[in-house]
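Undergrad: sequence-free structure coming up:
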C-alpha cells in the first residue's frame, strides 16, 4: 500500500506484528522480513512477509517465490477499496495467506485460498491456516502498538 499516513504508530504496530512472527519462526522455523526486503510486483511492497522453513532462498537473492504470509497494516489515508484490491492482488500473485491489520477498526482481515475477508477482533485467534501451524496469536495481540 501507499506510504502516506505511516507515522510512529504504524512503526510500533509493525514492530509488534513482526516480533510476534519472529517469536513463532524461532520456535517453528521460517523467516520474517520487513519491507522493503520483499517485493511481489513493481507496485506491491508488503509491510511484513513470512516464509516457511525450506522455502527460504539465499539472503542476497531476489525473491522468486511468493511468501507464505503477507501482512499489511492499513495506513490512515487508505480507502477500504484500495486495501481490499491490494489483498486480492497478493492472492493473485500466489500468496496463500494475507493478513490486513487495521488499527482504526481494531480488527484483522484475513484473505486466503478458502477465506474471503474474514474479520477477527479482540481475543479471536487470527488463523494461520497451513502456513503457520500451531499459531495462536489473537487479533488483540497483533494490534498492540505499545
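TA: Done, it's in. Worth saying up front: this structure is predicted, and the values here are computed from it rather than measured.
Undergrad: Now do the buried residues in the strand or helix carrying residue 18.
TA: Using DSSP states H and E, residue 18 maps to helix 8-28. Applying a neighbour-count criterion of 16 or more other C-beta atoms under 10 Å, one finds 10, 13, 14, 16, 17, 18, 20, 21, 24, 25 buried in helix 8-28. In short, each C-beta sits where N, CA and C put it, glycine included.
Undergrad: I'd like the distance between the third one and residue 29.
TA: The gap separating residue 14 from residue 29 is 22 Å, by C-beta to C-beta, to the nearest Å.
Undergrad: same deal with residue 103?
TA: 29 Å.
Undergrad: residue boundaries of the helices in the protein?
TA: 8-28, 80-92, 139-142 (DSSP state H).
Undergrad: Tell me the gap between the second one and the middle of its chain.
TA: Going back to what we said before, that points to helix 80-92. Distance of helix 80-92 from its chain centroid, counting by C-alpha atoms, centre = their mean, to the nearest Å, is 12 Å.
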